[in-house]
Structures are given as structure tokens and as C-alpha cells.
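[1] Give me a 3D structure for the following:
(one chain, ligands or ions: 1)
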Amino acid sequence: MKKKYWALLLFLIFAGNVVFGFQIVYPKKQNVVINSDKTFFIGNEKTDKTLKINNSEVNLHKSGGFKHVVKLNYGNNIFVIDNGGQKQIFNITRLQPVKNAAVSTPKAIYYDNPIIIVTSKDSVPLRSTPVDAGLNRLQHLPAGIEFIATGEERGFYRVKLGLDGFGFIAKDSASKSENESLLYANVQYDNRLNNKKEKSVEFFLDKKVPYTVTDNNSGLDIVLYNVDNFMYEKYEEHIDGKPFGYSSYFNNSGMLVISKKEFPKVSAKTPLKGIKITIDPGHGGSEAGAIGCLGHKEKDVNLEIAKNLRDKLEKSGAIVYMTRDDDSYVGLSERVEKSNYFDADIFLSIHNNALPDSLADRDASGTETYYFYPQSKELAQILAKSVSEQTGFKNGGARGKSLAVVRNTQSIAVLLEVGYMINPDDNSKLINKDFQNKITEGIVIGLERYLRQDGI
Ligand SMILES: [Zn+2]
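    Here you go, the predicted structure:
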């Protein structure tokens, strides 16, 4: 044990406080309920004494950080943390699962007479399955869109999409229409607008209709449903060219506008010049995010990395917007709205990872990236690779996930989980300034590779 720690320890003991030579950052309280068959103690130890949890020795990283997995039985589980006589006791309760024989899988109901429903608010998800989770969102639709509902399932209306398709709308996002039958729309004409920066289509309709836009590397596939002057009550359109973000909305005159940004032709030397990038440091203010073994808060580490990245990107000629540049709380939808208002080309959310109790024994470390729309997959893959190349972190790859900040942005959007706060080795690196430089170098190299289209 270093001298300065002894001095600090003695000072604090005489000052009347009990100070431990170790710190438990998770579980956050000494009496908690955790409904999992396992959990972990995450923290750090600052003396050279052995740290034991219920008599089993805790494996310490050279930084002092540790992650110690324990099993939980039903009922009360007592854990004694012992650091050479200094003891702290944790009571962790795991509740018995409630047996409820009455719960059965709700069955799908088919109506004898289909009803007409209408979306009652904006941004209502149209889904491919009756589940409020995951990657099943087909589109977000505004208020006032009518559907034929043929039944219901698990709190969703099953709605017709043209003659041969169907989707699901949450029952609390729609109301019964006064109309007894669905009036089909007419697509009167469409208008294409092309320039160097974007390609768009405007549909002139006599009423708002459900629609879907799906993207892939060759462009956007657009389908308008419940139109009666086309085969299968569907009107299909395509906007070609690799997408670089897109948006779709009904304008004030009721026209459906779908607009796709063209992938930019960048200079090989300065690919970032003029590219608008939103950096979104995760969490902030009252929301700390994950707590690292060494006691650091994810929100602070995210912000340090974000500021370092901002400086590098600005030096490279990018135009950068930060959703926060201090320790303030910013809501998820506010982050997205601000970025869309800024008209970002690329949205990058910076986070660091943790694990749920149920995966406590997983030996997780390294970089993972997340995206929602297929148009963002390529950048997500490149960033996971380039960050891991620069830092030596494991490349955990790119994964599709329904996360609010990458789902509602109109730009290319990727969320990075740079490393694991709860992994002692990752944690000790993530807080190191030189290492943070490597992280942001990796991000810049990845962005340049993407913009130059150098391949993955
Ligand atoms: Zn986070």
C-alpha cells in the first residue's frame, strides 16, 4: 500500500468517517433485490490486502479494479466483503417467480366485419409483428392515416397493407374511424426532383395513405398502400443511388415527400471537409450511465472522448455539432431533433458498455457498434474495425438494434460502445488520455474510409 493512501485513510478515520480500502460501485446499495440467478460485484481495491467475498479471493486487475461474479439463490443472499478485517455486508434478495397459471398466450382475434381505424397521433410505428420491441418497425406514420383492421392480437390491430399484405398498429395509437368503409386514395401524379445533393419524389394524393420506405445500397424502395388505381392496391417507386440519409413526410399540402441525400463525392485527401457530423456523448446530468470498476461515470468518459473527437474532426474540416458539451441532461428525442435540425450527414453516439445481471459471467470487452437502418450498417462495420485496429480492443462487430438515437435520425447513424466500463482492463484504458486519442483516431480513420468508400 502506498504511503499517501495510508495518510488519507488515517485522516478520514480520525475525522470520524469509516473509510474502506475498497469501493463497491455495483450493486449500488447494500440491500437490493436482483431477480437473476447471478450478479457481480464491481469495484476497486486500493490497499495491498487480499479482498475476499464470502471467503473467496477476488481477482484484482493491476489498476485495482475488479469484477467478481456470484450466484444468487432464491430468497436472501448474504455477501461479506472482507478486506483484512474491514467488512461490508450486502443483502441481495432474489424473489421467487410468481406462478400464474392463468397467463396464457393471447390468441389472435379475427373480426367478422373488418373495422376502419385511424392513427390518432404522430410518429406511430407500423410494425411487421404484434410486438413492441426489436427491429419490426416498417415505418413511422403521422396522425390521420386510415386502415382496414381485420383483427387484433396482443394489443395491436392487424391492418391491411394493399390487397396482399398486413402490418400491426398499437391499439392505443389509433381510434375507430367514423367512416364505415375505407376510401381508397388516388395517386394523381408524382414529381421527381434531382440535383447533385439530393433526389426526391413528391406524390400528389387525394388523401394520406400508409407507406413504407426501405433502404439498401442501391437506393430506396417506396410502397404506397391502399391506392385504388394500381395493381394489388399498391403503388411502387424506387429512388436509385446509395443513400446518405433520407427523410419522408407529408407536407402542408398533403403531398408525400421522400427525399434522399446523394452519397457525396469527396476528395481523397480531405474526405471530411464540409461533412456535417453530430457527436452525441451518451447520458449526462442526472443520468450517469454505467459506473466503471474504478468509480468513473460513463457520462464523463463519453464526454471526454466526444470532445477529443470534435477537435480532430474540426481540424479535418468537418462541421461538428455536439448534443451536449457539458454535464447536462439531454433527452433522447431532443438529441435526435437537434441533429435533424442541424441537418447532419452523420450522427455518432458515444457510449461505453456494461452488462445486465443475467449476463454477469460473460467475459465481455472491446468495441461494438449499433445501427438501425441498413444504410448505416457499412459505417458501423468500418468503425468497429478501425477503432479496434487503433486501440487493440476486441472488434465486437456491428449489430442491428432498435435504439432511439439511431432509429429516429434522418442521417447515417451509428452508436458506438467503445469499451466495457465494468471490465477492469477496458476501464483502466478508457480513462487514459493517450488511449482516448487512439479511440478518436480510430473513429476519424473509419469515417474517412467510409467517405472515400475504401471498403470495409
Ligand atoms: Zn451508455
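[2] going forward, measure contacts and count neighbours with C-alpha atoms only.
    Noted.
[3] for this structure, which strand is longest?
    strand 109-119 (DSSP state E).
[4] List the pairing partners of that strand within its sheet, with orientation.
    Applying DSSP bridges, strand 109-119 is found paired with strand 146-153 (antiparallel), strand 174-176 (antiparallel).
[5] which other residues reach it?
    Here strand 109-119 makes contact (Cα atoms under 8 Å, 6 or more residues apart in numbering) with 141-153, 173-182.
[6] What residues of that strand count as buried?
    Buried residues in strand 109-119, counted by 16 or more other Cα atoms under 10 Å: Pro114, Ile115, Ile116, Ile117, Val118, Thr119.
[7] now do stretch 226-241
    For stretch 226-241, a neighbour-count test (16+ other Cα under 10 Å) marks Asn226, Val227, Asp228, Glu233, Lys234, Tyr235, Ile239, Asp240, Gly241 as buried.
[8] now that stretch: how far from the chain's centre is it?
    How far stretch 226-241 lies from its chain's middle: 32 Å, per Cα atoms, centre = their mean, to the nearest Å.
[9] What of stretch 69-77?
    Relative to its parent chain, stretch 69-77 has a centroid offset of 31 Å by Cα atoms, centre = their mean.
[10] try stretch 21-28
    27 Å.
[11] what do you get for stretch 355-362?
    Mean-position distance between stretch 355-362 and its chain equals 19 Å (Cα atoms, centre = their mean).
[12] Just the CA atoms from it would do, formatted as PDB, please.
    Listed next in PDB are the C-alpha coordinates belonging to stretch 355-362 (Å, rounded to 0.1, in the frame of the first residue of the first chain):
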ATOM      1  CA  LEU A 355     -23.800  -6.000 -18.700                       C
ATOM      2  CA  PRO A 356     -27.100  -6.900 -17.200                       C
ATOM      3  CA  ASP A 357     -27.000  -9.200 -14.100                       C
ATOM      4  CA  SER A 358     -28.200 -12.200 -16.200                       C
ATOM      5  CA  LEU A 359     -25.000 -12.000 -18.300                       C
ATOM      6  CA  ALA A 360     -22.700 -11.200 -15.300                       C
ATOM      7  CA  ASP A 361     -20.400 -14.100 -16.100                       C
ATOM      8  CA  ARG A 362     -19.800 -13.100 -19.700                       C
END
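[13] Which positions in it come out as buried?
    For stretch 355-362, burial by neighbour count (16+ other Cα under 10 Å) applies to Leu355, Asp357, Leu359, Ala360, Asp361.
[14] what's the answer for stretch 250-261, then?
    For stretch 250-261, burial by neighbour count (16+ other Cα under 10 Å) applies to Phe250, Met255, Leu256, Val257, Ile258, Ser259, Lys260, Lys261.
[15] got it, and stretch 406-415?
    Using 16+ other Cα under 10 Å as the test for burial, stretch 406-415 gives Val406, Arg407, Asn408, Thr409, Gln410, Ser411, Ile412, Ala413, Val414, Leu415.
[16] Which residue, other than its chain neighbours, is closest to the fourth one?
    The one in question is Thr409. Val336 (5.6 Å; Cα to Cα, 6 or more residues apart in numbering).
[17] which phi and psi does the one you found have?
    Val336 adopts backbone torsions of phi -70, psi -50, taken as degrees, to the nearest 10.
[18] Surely it touches Arg407?
    No - in this structure, Val336 is not within contact of Arg407 by Cα atoms under 8 Å, at 9.1 Å.
[19] returning to what we had before: are any of the contacts of strand 109-119 buried, and which?
    With burial judged by 16+ other Cα under 10 Å, the buried subset of the contacts of strand 109-119 is 141-142, 144-153, 173-174, 176-177.
[20] If we only consider these, which is nearest to Val70?
    Glu153 (40.1 Å; Cα to Cα).
[21] Which pLDDT value belongs to that closest one?
    On the pLDDT scale, Glu153 is placed at 96.
[22] residues touching the closest residue to it other than its chain neighbours, list them.
    Closest residue to Glu153 apart from its sequence neighbours, by Cα to Cα, 6+ apart: Ala108 at 4.6 Å. Residues in contact with Ala108 (Cα under 8 Å, 6+ apart) are Gly151, Glu152, Glu153, Arg154.
[23] and those as CSV, adding distance to Gly366?
    Formatted as CSV, the contacts of Ala108 follow (distance: Cα to Cα, whole Å):
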residue, distance to Gly366
Gly151, 46
Glu152, 43
Glu153, 40
Arg154, 38
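[24] Quick check: the farthest pair among the buried residues of strand 109-119?
    Maximum pairwise distance in these, criterion Cα to Cα, is 16.1 Å, between Pro114 and Thr119.
[25] what's the nearest residue to Ile456 if we skip its chain neighbours?
    Spatial nearest neighbour of Ile456, excluding adjacent residues (Cα to Cα, 6+ apart): Ile382 at 5.4 Å.
[26] That should have said Phe263, apologies.
    In space, Phe263 is closest to Phe244, 5.0 Å off (Cα to Cα, 6+ apart).
[27] Could you do Asn44 as well?
    Using Cα to Cα, 6+ apart, the closest residue to Asn44 is Gly65 (4.2 Å).
[28] which regions of this structure sit below the pLDDT cut-off?
    For the chain, the stretches flagged by pLDDT under 70 are 1-18, 100-105.
[29] Would you map the helices across it?
    Using DSSP state H, the helices of the chain run over 3-14, 298-315, 332-342, 377-391, 404-407, 424-430, 433-452.
[30] In JSON lines, list the ones you listed along with distance to Glu202.
    Converted to JSON lines, the helices of the chain look like this (distance: least, Cα to Cα, whole Å):
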{"stretch": "helix 3-14", "distance to Glu202": "69"}
{"stretch": "helix 298-315", "distance to Glu202": "35"}
{"stretch": "helix 332-342", "distance to Glu202": "20"}
{"stretch": "helix 377-391", "distance to Glu202": "27"}
{"stretch": "helix 404-407", "distance to Glu202": "23"}
{"stretch": "helix 424-430", "distance to Glu202": "47"}
{"stretch": "helix 433-452", "distance to Glu202": "28"}
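[31] Nearest to Tyr189, out of those?
    It's helix 332-342; of the helices of the chain, that one is closest to Tyr189 (Cα to Cα) at 28.7 Å.
[32] helices and strands around that closest one, which ones?
    Here helix 332-342 touches helix 404-407, going by 3 or more Cα pairs under 8 Å, 6 or more residues apart in numbering; DSSP states H and E.
[33] which secondary structure elements does the helix it packs on contact?
    Contact partners of helix 404-407 among helices and strands, from 3+ Cα pairs under 8 Å, 6+ apart: helix 332-342, strand 367-371, strand 412-420.
[34] re earlier: got a list of what the residue nearest to Thr409 touches?
    Neighbouring residues of Val336 by Cα under 8 Å, 6+ apart: Val405, Asn408, Thr409.
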